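> model this:
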Amino acid sequence: MSELSILTQAAFQPANTADIADALVNGSGLRIDVGRRRGRGAGLNPSGRFESSERVAFDDGWQSLEDLPALKTEVQVERPRSVITRNESPDIPFDRSINPYRGCEHGCIYCFARPSHAYMGLSAGLDFETRLFAKPDAAKLLERELAKPGYKPRTIAIGTNTDPYQPIEREWRIMRQILEVLDRANHPVAIVTKSALVMRDIDILSSMAQRGLAKVGISVTTLDRKLARSMEPRTSTPTKRLEAIKALSEAGIPVAVMVAPVIPGLNDHEIERIMDSAKAAGASEASYVLLRLPLEVSPLFRDWLLQNYPDRYRHVMSLVRSMRGGKDYDAEFGKRMKGAGPYAWQISRRFEMTAKRLGLARRGIQMRDDLFVPPNGSGVQLSLL
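So this is what the prediction gives:
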């Protein structure tokens with residue numbers, strides 16, 4: 001195999017995203033062979049936006065690229081100093097979160113968290129879903145942070161960046177360890193996932209829910225299994241997600257259905273069907289988020305759309321831009337989740353009317369924080385007094 005290194009001082013910088021997107025979707029030679037990326041969401045693996053060079057694999061005439069092995073999931077250990085991330089964004093309902101993993105094997109092509117891999121010197125494309133980072137010390141770090149003098153308990157959100165129940169959780173079990181710490185401390189938690197693996201932890205979540213300490217949001221993007229497999233290849237099937245809603249609900253755990261993301265011209269016609277199905281399965285709350293295409297996500301999504309739904313490419317992107325002020329994305333608070341304009345208003349009204357008809361709450365239940373007991377187990381620094 002030969003590689004071509006192209007020095008670019010602004011490789012994948014945000015200012016050049018539109019130009020790069022045009023190059024990618026028009027076939028720049030950066031696309032990875034389908035045989036190597038089977039079961040993955042992205043078709044590209046461009047260098048991170050902070051890198052000064054771009055490396056492109058190309059066939060030197062000896063069919064050398066055909067002999068490359070399929071991409072495998074690699075997991076590295078990350079040992080951070082703290083595990084609770086603080087947030088001050090005014091348009092999301094939590095001020096702290098935990099991410100047991102960096103990157104996500106689910107491979108959702110639309111994932112707004114993809115650009116975060118650039119901070120590790122990696123690509124938001126295939127690297128994001130194949131080169132992962134696990135935090136095996138997360139539970140111990142959490143225990144220490146909860147035990148700090150003056151800590152004030154509020155709901156911790158998990159799954160807001162990458163999915164805590166992605167496939168590697170079966171082996172690493174970091175999420176379950178975190179729940180065990182929160183359970184012992186009577187600390188409230190809100191979980192978001194696309195995986196039926198959450199049912200593994202029903203024993204802990206059910207016990208916490210009885211004390212008003214836990215709820216789960218299940219993201220159901222589509223009921224079309226073919227679309228789901230293409231768009232979010234390693235997530236649980238839509239049927240399995242509905243089964244998870246049913247199992248959690250029957251165990252007394254409050255469950256919300258999240259129609260997210262809503263992609264105009266692709267899955268927005270399913271809003272009512274998804275909410276109907278989730279309600280029948282036992283969901284008590286509902287929310288939605290419009291497709292978000294920040295930074296590298298835009299060219300990755302556009303390439304996927306052109307490869308899988310070329311007949312809808314122009315229509316989908318036209319509708320997206322009509323809700324984003326003519327751009328692929330508008331990061332302004334208050335608009336980034338819902339968009340603006342007539343089409344965005346129509347989506348909002350459809351969701352609101354369906355939620356009202358089905359009796360699905362728009363605002364989540366308030367969880368208790370008055371039961372909190374600071375941890376005093378192993379790994380917690382004891383007072384000298």
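
> quick check: buried residues in stretch 247-264?
247-249, 251, 253-264 (16 or more other Cβ atoms under 10 Å). All C-beta atoms are positioned from the backbone trio N, CA, C, and that covers glycine.

> my bad, stretch 68-81
For stretch 68-81, the buried set under the neighbour-count rule, 16+ other Cβ under 10 Å, comprises 71, 73, 75, 78.

> name the helices or strands packed onto the longest helix along the chain?
As assigned by DSSP state H, the longest helix anywhere in the chain is helix 342-358. In this structure, helix 342-358 makes packing contacts with helix 271-281, strand 285-290, helix 313-322, judged by 3 or more Cβ pairs under 8 Å, 6 or more residues apart in numbering; DSSP states H and E.

> now, which of the buried residues of stretch 247-264 lie within strands?
With DSSP state E as the criterion, strands contain 255-262 from among those.

> turn the helices and strands packed on helix 342-358 into a markdown table, columns for mean neighbour count and mean pLDDT.
Written out in a markdown table, the entries for those read as follows (neighbours: other Cβ atoms under 10 Å; pLDDT from 0 to 100):
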| stretch | mean neighbour count | mean pLDDT |
| --- | --- | --- |
| helix 271-281 | 19 | 98 |
| strand 285-290 | 21 | 97 |
| helix 313-322 | 17 | 98 |
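
> so which of those gets nearest G359?
Comparison of the helices and strands packed on helix 342-358 against G359 by Cβ to Cβ identifies helix 271-281 as nearest, at 7.6 Å.

> check the offset of that closest one from the chain's centre.
Relative to the centre of its chain, helix 271-281 is centred 21 Å away, using Cα atoms, centre = their mean, to the nearest Å.

> in which helix or strand would I find the residue nearest the centre of the chain?
Within the chain, one residue has its C-alpha closest to the average C-alpha position: by Cα atoms, centre = their mean, that is T162, at 4.4 Å. Under DSSP states H and E, no helix or strand contains T162.

> for it, what are its contacts?
Listed by Cβ atoms under 8 Å, 6 or more residues apart in numbering, the contact partners of T162 are 99, 101-104, 111, 113.

> do the same with R102
Taking Cβ under 8 Å, 6+ apart as the contact definition, R102 lies against 78, 116-117, 120, 132-133, 162.

> returning to that earlier point: columns distance to D328, pLDDT and secondary structure on top of the buried residues of stretch 68-81, output as TSV?
Shown next, in TSV, are those (distance: Cβ to Cβ, whole Å; pLDDT from 0 to 100; DSSP: H, G, I helix; E, B strand; the rest coil):
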residue	distance to D328	pLDDT	secondary structure
L71	27	91	coil
T73	29	96	coil
V75	31	98	strand
E78	31	97	coil
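
> where's F301 relative to P115, distance?
Distance from F301 to P115, counting by Cβ to Cβ, to the nearest Å: 12 Å.

> swap in P136?
P136 sits 25 Å away from P115, taking Cβ to Cβ as the criterion.

> and what of F372?
If you measure F372 against P115 using Cβ to Cβ, the figure is 34 Å.

> cool, R273 as well?
31 Å.

> tell me the buried residues in stretch 171-181?
Residues of stretch 171-181 classed as buried under the neighbour-count rule (16+ other Cβ under 10 Å) are 172-181.

> surely Y165 meets V198?
Yes - between Y165 and V198 there is a contact under Cβ atoms under 8 Å: 5.2 Å.

> can you confirm V192 is in a strand?
Yes - V192 sits within a strand when classified using DSSP: H, G, I helix; E, B strand; the rest coil.

> give me every residue that touches it.
Counting by Cβ under 8 Å, 6+ apart, V192 makes contact with 157-160, 163, 216-217, 219, 258.

> bridging residues for it?
In this structure, V192 has beta-bridge partners G217, where bridges are defined by DSSP bridges.

> distance-wise, check it relative to G364.
As it turns out, when the distance is counted by Cβ to Cβ, V192 lies 11 Å from G364.

> likewise for D276?
Noted for D276: a distance of 20 Å to G364, by Cβ to Cβ.

> same deal with D370?
Where G364 is concerned, D370 sits at a distance of 18 Å (Cβ to Cβ).

> doesn't Q76 belong to a helix?
No - secondary structure of Q76 (three-state DSSP): strand, not part of a helix.
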